[in-house]
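Chemist: Provide a 3D model corresponding to the input given below.
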Amino acid sequence: MTTVSDPVEATRPRAITTQYTLSRDKILYGGLLALTAIAYLWGLSKNGYANEYYAAAVQAGSKSWKAWFFGSFDSSSFITVDKTPASLWVMGLSGRIFGFNSWSMLVPEALMGVASVGFVYVSVRRWFSANAGLLAGAILALTPVAVLMFRFNNPDALLILLLCAGAWAITRAIDSVQHSARWMILAGSLVGFGFLAKMLQAFLILPAFGIAYLVVGKPKLGKRILHLVLATVSLIVSAGWWVAIVELLPASARPYIGGSQNNSILELTLGYNGLGRLSGNETGSVGGGGGGNGGGGMWGGAAGVQRLFGGEFASQIAWLLPAALLGTVVLVVAAGKAPRTDRKRAFALLWGGWLLGTGLVFSYMQGIIHSYYMIALAPAIGAVIGAAMSVLWKRRTEWLPRAVLAGGILLTAGWSFALLKQTPSWQPWLRWTVLLTGVLGAGLLMLLPELKLHRTAARRAGLFTAAVLTVTALAGPTAYSVATINSAHTGALPSAGPSGAGGMGRMGGMGGGPGGGGMGTPPGQTGTGTGTGTGTGTGRGTGGTGTGTEAGTMRGGGMGGVGGFLGGGGISGVSSELITLLQQRAKGYTWAAAAVTANGAAPMQIASGEPIMAIGGFNGTDPAPSMAEFKELVAQGKIHYFVGSGGGMGGFGGRGGDGTSSEIANWVNQNFKSQTVGGTTVYDLSSGTGA
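Modeler: This is a model prediction of the structure:
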């Protein structure tokens with residue numbers, strides 16, 4: 001016997017005791033979660049260390065509590081990653097418990113995906129039906145970009161879990177009378193912790209959450225406003241406690257804040273990772289620094305509503321986006337003149353607001369934006385479609401709802417056909433199958449209510465029609481998701497789907513590596529690249545050959561392609577000779593070596609298990625360390641080696657003033673002797689004090 005609370009406080013009396021039974025709905029819900037877990041865990045190790053930039057930080061956190069707390073790139077805590085560290089906390093704890101490896105790092109991400117599907121299901125089921133919840137959860141689980149990111153180590157997995165949990169808490173707050181304040185405080189805390197996963201992106205859903213509760217919540221207006229204030233306070237506390245600690249600590253007591261130009265977490269939050277993403281003014285970013293240089297051409301295409309429906313963005317997220325927009329309209333119209341607390345209206349405000357608000361920001365932001373960000377739209381797409389389908393299906397005997405549902409299916413089939421046609425040589429039969437099933441499903445939907453069938457026959461015909469509609473909606477994204485599961489994904493720019501679908505992140509980042517005067521690349525990786533900066537050269541970078549076309553004048557060298565410094569499979573190119581060298585006498589040094597850019601240092605750090613100083617942070621543009629600081633560290637005997645590129649001196653021209661990474665590289669080159677170890681240029685900094 002077990003005590004249970006009724007899921008809807010205001011409509012049914014509280015149950016005292018009941019016999020726990022496995023109903024059809026519970027079995028199907030469990031099946032959904034089990035199949036999602038299988039899909040997300042299947043062959044997970046093929047992704048290796050995924051994004052080695054974050055993997056190195058996870059490794060560091062599994063060794064040092066200081067590195068774990070601050071989200072440091074290395075266990076000696078020289079510099080942090082360029083994000084808040086919540087996702088690293090989860091993976092780092094897993095590494096401490098189970099040992100640092102690919103599985104201990106990626107399994108928590110996969111389980112976050114399963115939990116996210118669960119929260120979407122219970123949120124939709126609460127107000128509509130179990131079938132609607134199953135459809136919503138399945139859509140999230142099978143969205144290609146969701147399959148990709150829940151099998152990856154970027155911060156997005158934790159962000160989505162917390163936002164889905166926050167939406168569920170808002171749903172409970174709207175339903176509740178006595179305990180709505182508690183649910184709102186919980187929602188604020190969850191979103192605030194989402195900030196610690198991926199900073200200001202977590203706040204994109206706040207207008208939808210706040211408006212939904214303010215308009216539809218059951219308490220009186222004054223109490224609803226008070227509850228919103230309490231939720232805001234909880235959000236500030238849960239998001240701000242770590243920021244306050246970092247800001248109040250003296251710089252000498254913590255690592256440098258990666259991604260910032262002034263060693264400030266507030267600058268990182270409001271600048272490069274915040275408002276700069278909207279305006280394009282992202283000083284220190286890969287291609288940013290002024291008015292849209294970061295995202296306009298190279299990274300996200302032209303701003304506008306077309307962005308989400310074109311290029312690789314479409315193949316990641318847009319399969320059911322038109323249907324979700326239609327579904328939002330359906331929910332608003334269905335609410336009509338219903339009472340203020342109508343659930344369809346609440347759902348449209350909550351989940352439709354999430355979809356529209358986040359989608360518009362992604363469409364028009366001028367800074368760097370990557371296709372994998374689109375996972376933030378997947379929960380809302382699933383929830384809105386599940387709810388709208390439930391509303392229309394229940395009224396399918398009426399001509400207008402039936403016609404809208406049939407039109408939505410035809411729209412989805414035609415759009416899926418267009419997306420599948422973008423990869424014409426991959427499973428060409430699939431697009432025609434989707435189109436034909438869409439036409440069949442729409443025809444059956446319009447015809448069946450007009451036939452006078454026996455009750456059993458009508459029920460079977462309805463189930464068959466529902467199955468056809470589901471196949472039409474999910475066949476395309478499911479096929480892309482299966483292709484994603486069957487492919488290895490590494491590097492900083494992962495992309496879902498089959499080869500040729502517009503991705504840059506399958507085994508090897510973005511093409512060629514940087515030039516000989518360029519970015520200080522991961523050792524042992526091969527590839528070529530040319531650039532339109534001040535220099536052109538041949539460098540080592542995973543992913544074969546490629547051309548870097550992004551303009552950018554960098555002090556000390558041109559860009560020369562971006563594949564190498566964005567990482568991707570770099571650990572496989574670290575020679576055993578270099579690993580042995582780095583590990584020799586490493587315990588006598590704070591850092592076994594230094595290398596330009598974190599992505600240049602990451603493969604060496606992961607392979608050797610020793611802390612590597614990442615000069616200039618993620619892409620070499622952070623002014624850390626300064627020239628004077630680096631010389632002092634060398635004089636104190638804290639850095640053993642400096643690792644350059646395979647064909648000569650690495651050294652990315654950063655924007656750090658007098659202490660740029662290129663100046664450090666040039667100083668090392670002029671004052672220390674080099675040797676070639678496993679095809680990599682290495683300088684022994686213990687061989688002299690420098691000039």
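
Chemist: any idea of the pLDDT on Y20?
Modeler: With respect to pLDDT, Y20 has a value of 62.

Chemist: likewise T456?
Modeler: T456 carries a pLDDT value of 83.

Chemist: Next: L436.
Modeler: pLDDT at L436 comes out at 96.

Chemist: quick one: contacts of the one helix or strand it maps to?
Modeler: L436 is part of helix 428-447 when elements are defined by DSSP states H and E. Residues outside helix 428-447 that contact it (CB atoms under 8 Å, 6 or more residues apart in numbering): 396, 402-403, 405-407, 409-410, 412-414, 416-417, 420-421, 461, 464-465, 468-469, 471-472, 475-476, 479. No exception for glycine: its C-beta is placed from N, CA and C like everyone else's.

Chemist: And stretch 85-95, by the same measure?
Modeler: 54, 57-62, 68-71, 81, 101, 104-105, 107-109, 112, 153-155, 157-159, 193, 196-198, 242.

Chemist: Out of those, which sit inside strands?
Modeler: Among the contacts of stretch 85-95, DSSP state E puts none in strands.

Chemist: Please pick the buried ones from those.
Modeler: By neighbour count, with 16 or more other CB atoms under 10 Å, those hold 54, 57-62, 68-71, 81, 104-105, 107-109, 112, 153-155, 157-159, 193, 196-198, 242 as buried.

Chemist: Would you mind listing the residues in contact with L190?
Modeler: Per CB under 8 Å, 6+ apart, neighbours of L190: 162-163, 165-166, 169, 238.

Chemist: In three-state terms, how would K83 be classified?
Modeler: coil (DSSP: H, G, I helix; E, B strand; the rest coil).

Chemist: The helix or strand where F347 lies - contacts with which helices or strands?
Modeler: Using DSSP H and E, the element containing F347 is helix 343-347. If you count contacts as 3 or more CB pairs under 8 Å, 6 or more residues apart in numbering; DSSP states H and E, helix 343-347 packs onto helix 102-127, helix 206-216, helix 321-335, helix 378-394.

Chemist: right, so of those, which gets closest to L633?
Modeler: Taking CB to CB, helix 102-127 is the member of those nearest to L633, at 29.5 Å.

Chemist: mean confidence for that closest one?
Modeler: 97.

Chemist: How about stretch 160-174?
Modeler: In this model, stretch 160-174 carries a mean pLDDT of 98.

Chemist: hmm, back to that, name the residues that touch the next helix or strand after the helix holding F347?
Modeler: As assigned by DSSP H and E, the chain's next helix or strand after helix 343-347 is helix 353-364. By CB under 8 Å, 6+ apart, the list of residues contacting helix 353-364 from outside reads 163, 167, 204-205, 207-209, 211-212, 278, 303-308, 321, 324-325, 328, 369, 373-374, 376-377, 379-381, 384.

Chemist: buried stuff in helix 353-364?
Modeler: Buried positions in helix 353-364, judged by neighbour count with 16+ other CB under 10 Å: 353-359, 361-363.

Chemist: Quick check: the two most widely separated of the contacts of L190?
Modeler: L163 and S238 (13.5 Å).

Chemist: Looking at those two now, which is surrounded by more residues?
Modeler: Set side by side, L163 and S238 show more neighbours around L163, with 28 against 20, by other CB atoms under 10 Å.

Chemist: Assign that one to helix, strand or coil.
Modeler: What three-state DSSP gives for L163 is helix.

Chemist: residue contacts, it?
Modeler: 190-191, 194, 202, 205, 354, 376, 379.

Chemist: with these in mind, which one is nearest to A488?
Modeler: Nearest to A488 among the contacts of L163: A376, at 24.1 Å, using CB to CB.

Chemist: Give me the distance between the residue lying closest to the closest one once chain neighbours are set aside and I205.
Modeler: Nearest non-adjacent residue to A376, counting by CB to CB, 6 or more residues apart in numbering: T358, 5.3 Å away. As judged by CB to CB, to the nearest Å, T358 and I205 stand 7 Å apart.

Chemist: Who are the contact partners of L581?
Modeler: Counting by CB under 8 Å, 6+ apart, L581 has contacts 641, 677, 682.

Chemist: The second one and E577 touch, don't they?
Modeler: Right, V677. Yes - applying CB atoms under 8 Å, one finds V677 in contact with E577, separated by 5.1 Å.

Chemist: So the two - more neighbours on which side?
Modeler: Neighbours were counted for V677 and for E577 using other CB under 10 Å; V677 has more, 19 against 15.

Chemist: Give me the pLDDT for that one.
Modeler: With respect to pLDDT, V677 has a value of 92.

Chemist: Likewise for the one 10 residues further on?
Modeler: S687 is assigned a pLDDT of 79 by the prediction.

Chemist: Would you agree it is in contact with S674?
Modeler: No - applying CB under 8 Å as the test, S687 and S674 come out as separate, 10.4 Å apart.

Chemist: Could you check which of these two has the larger neighbour count?
Modeler: S674 (15 against 11).

Chemist: thinking again about what came up before, please flag which of the buried ones among the contacts of stretch 85-95 sit within helices.
Modeler: Per DSSP state H, helices hold the following members of the buried ones among the contacts of stretch 85-95: 54, 57-62, 68-70, 104-105, 107-109, 112, 157-159, 193, 196-198, 242.

Chemist: now the angle between helix 102-127 and the helix or strand hosting V90, please.
Modeler: Element membership of V90 [criterion: DSSP H and E] is helix 86-98. Orientation check (axes from the mean of the first three to the mean of the last three CA atoms, to 10 degrees): helix 86-98 against helix 102-127 gives 120 degrees.

Chemist: Now tell me what touches stretch 302-319 from outside.
Modeler: Outside stretch 302-319, the residues that touch it by CB under 8 Å, 6+ apart are 143-145, 148, 292, 295-296, 300-301, 321, 359-360, 362-366, 371-372, 374-375, 377-378, 381, 412, 415-416, 419, 422, 476-477, 480, 495-497, 501-504.

Chemist: Sort out which of these are buried, if you could.
Modeler: 143-145, 148, 292, 295-296, 300-301, 321, 359, 362-363, 365-366, 371-372, 374-375, 377-378, 381, 412, 415-416, 419, 422, 476-477, 480, 495-497, 501-504.
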